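Asker: Quick one, fold the following:
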Amino acid sequence: MRDTLQDLLPGHSEEVWSVPAEAPPSTPRRVSGMTTNLQSSAGQTLRPPVRVSVVILARHGAAWVEQAVRSALGQTLNELEVIVVTDRADPAVRGALQALRDVRLTVLDLASPLPPEHALNAGVQEARGEWIALLDDRDLWLPDKLAKQLAWNRTPYADIISSRLIHRTARGDEVWPWRLYEGGTLLGDYLFDRKGLGAGEAILQWSTLLIRRSVLLAHPWPAVPRYPEWDWLLEAVEVHGRSITMHPDPLSVWRVSDTPSPSAEDSWTWLNTRRAVLSRGAQSGFLVLQIAPFYDVSHSAGTFWQLCRELQQVKAGSRRWFQFLTMWVLPQESRRRLRAHMPFFKMA
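Answerer: Residues are numbered from 1 along each chain as shown. Below you'll find the model as predicted:
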């Protein structure tokens, strides 16, 4: 986490092109080792002033990317640019974005595939705004998302601004989180020392985050196989003292889709590397809510006693033991039904 941005961006070339307002891109010209298209008049670049740079990683296809970009360009805040980072020359993505014909839109085509964190750091380096807004290409923003967050950031000014979101699945929409983060609370306690069994109690999700560009340049996004948002936020807030605030309105739509099954080993590794910034309550919560569910099907006796020893070591309270036994005994679908119909199991 203490590497510089250049350290995390190994030597690579990239192509940067701006979506034109009226015509397809002209022949690009070489500038400082990269290829760029400039919309100009009388030799001057026609790029509007930028307060917020939106960075989107194109990973899930043209249809997803186009919807995300439209929601970003449709913001009531006009002083913005949208940077779409892609590590492959996808004609469908390029065609969809060219059709939008907006001078605020730039596409950064990386010359070779890079991990998501390196692609994000490349987008941050390209950005011109004081603020960086992250948007997953599967998610959407409400039109006043950025304007509301900037207006909410009152004295003392925060380095990171989040918000509530609309959690959208095939079962319907739900506003998350139920509990807002409050300054003065350890961030790890907010995320993991939960009162109930529901994931929606406390969350800081990628597409809600608005971060000062200077902070992302000083602390680039990490190469972490699991929980990259939590890892970066904990490092920024608990280690480097960056401040964070949370708008109470739901300002983005998190469209949950199928993702590869996580690894229990990655979760154990992450916990062991982050114990120094997590309280005992946060560690016990992570054990119960993030690690125990991996084993609710296998019900391995060895794992059960391992988790018991871990909970004893961090002096877990009675509520945490109740959560653990509930998670261990009840299958995931049963827990979901209980959370949907019995508020007690949300905030037990």
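Asker: Which residues are in contact with the nearest residue to residue 323 once chain neighbours are set aside?
Answerer: Of all residues not flanking residue 323 in the chain, residue 288 sits nearest, at 4.9 Å (C-beta to C-beta, 6 or more residues apart in numbering). For glycine as for every other residue, the C-beta is placed from the backbone atoms N, C-alpha and C. Neighbouring residues of residue 288 by C-beta atoms under 8 Å, 6 or more residues apart in numbering: 307, 311, 316, 320, 323-324, 327.
Asker: swap in residue 160?
Answerer: Residue 160 neighbours (C-beta under 8 Å, 6+ apart): 209-212, 215, 233, 236-237, 242-245.
Asker: and it, bridged to which residues?
Answerer: residue 211, residue 244 (DSSP bridges).
Asker: Secondary structure added to the contacts of residue 288, as CSV?
Answerer: As requested, these are exported to CSV (DSSP: H, G, I helix; E, B strand; the rest coil):
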residue, secondary structure
307, helix
311, helix
316, coil
320, helix
323, helix
324, helix
327, helix
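Asker: When you compare pLDDT across those, which one is lowest?
Answerer: pLDDT across the contacts of residue 288 is lowest for residue 327, at 81.
Asker: can you count the residues close to that residue?
Answerer: Close neighbours of residue 327, defined as other C-beta atoms under 10 Å, add up to 20.
Asker: Which residue is the nearest non-sequential neighbour of it?
Answerer: residue 292 (4.8 Å).
Asker: got the contact list for that neighbour?
Answerer: By C-beta under 8 Å, 6+ apart, residue 292 lies in contact with 307, 324, 327-328.
Asker: and if you look at residue 87?
Answerer: By C-beta under 8 Å, 6+ apart, the contact set of residue 87 is 109-110, 112-114, 119.
Asker: Mind checking which of those land in helices?
Answerer: In helices, judged by DSSP state H, the following of the contacts of residue 87 are found: residue 119.
Asker: Most neighbours among the contacts of residue 87, which one?
Answerer: Comparing the contacts of residue 87 by number of neighbours (other C-beta under 10 Å), residue 119 comes first, having 23 neighbours.
Asker: what sits against that residue?
Answerer: The contact partners of residue 119, by C-beta under 8 Å, 6+ apart, come to 57, 85, 87, 110.
Asker: coming back round to it: quickly check the contacts of residue 292 for the two that are furthest apart.
Answerer: Greatest spatial distance among those (C-beta to C-beta): 307 and 327, at 9.7 Å.
Asker: name the helices or strands packed onto whichever helix or strand residue 85 is part of?
Answerer: Using DSSP states H and E, residue 85 sits within strand 80-86. Strand 80-86 is packed against strand 52-57, helix 62-73, helix 91-98, strand 105-110, helix 116-126, with contacts defined by 3 or more C-beta pairs under 8 Å, 6 or more residues apart in numbering; DSSP states H and E.
Asker: now for those, which one comes closest to residue 181?
Answerer: Residue 181 sits nearest to strand 52-57 of all those, at 21.3 Å, using C-beta to C-beta.
Asker: roughly how far is that closest one from the heart of the chain?
Answerer: The chain centroid and the centroid of strand 52-57 are separated by 12 Å under C-alpha atoms, centre = their mean, to the nearest Å.
Asker: go on, stretch 126-136?
Answerer: On the basis of C-alpha atoms, centre = their mean, stretch 126-136 sits 13 Å off its chain's mean C-alpha point.
Asker: okay, and for the stretch 201-348 of the chain, where does confidence drop off?
Answerer: The stretch 201-348 of the chain contains residues with pLDDT under 70 at 257-262, 296-299, 331-348.
Asker: What ranges does it have for its helices?
Answerer: For the stretch 201-348 of the chain, the helices defined by DSSP state H, counting those that start in this stretch cover 213-218, 228-234, 264-274, 280-286, 301-313, 318-329, 332-341.
Asker: which of those sits most buried?
Answerer: Neighbour counts (mean count of other C-beta atoms under 10 Å) averaged over each of those peak at helix 280-286, with a mean of 23.
Asker: Run through who's touching it.
Answerer: If you take C-beta under 8 Å, 6+ apart as the criterion, helix 280-286 is touched by 186, 188-189, 191-194, 271, 275, 278, 310-311, 314-317, 320.
Asker: and if we set it to 7 Å?
Answerer: Outside helix 280-286, the residues that touch it by C-beta atoms under 7 Å, 6 or more residues apart in numbering are 186, 188-189, 192-194, 271, 275, 311, 314-316, 320.
Asker: Centre of the chain to it, how far?
Answerer: 22 Å.
Asker: Spatially nearest residue to residue 287 (excluding sequence neighbours)?
Answerer: Nearest residue to residue 287 in three dimensions, chain neighbours excluded: residue 310, at 5.4 Å (C-beta to C-beta, 6+ apart).
Asker: That neighbour is in contact with residue 272, isn't it?
Answerer: No. Using C-beta atoms under 7 Å as the test, residue 310 is too far from residue 272 to be in contact (10.5 Å).
Asker: Surely residue 290 is in contact with residue 268?
Answerer: No. If you go by C-beta under 7 Å, residue 290 and residue 268 don't touch, sitting 9.9 Å apart.
Asker: In contact with the closest residue to residue 127 other than its chain neighbours, which residues?
Answerer: Closest residue to residue 127 apart from its sequence neighbours, by C-beta to C-beta, 6+ apart: residue 53 at 3.4 Å. By C-beta under 7 Å, 6+ apart, the contact set of residue 53 is 81, 83, 127-129, 132, 213.
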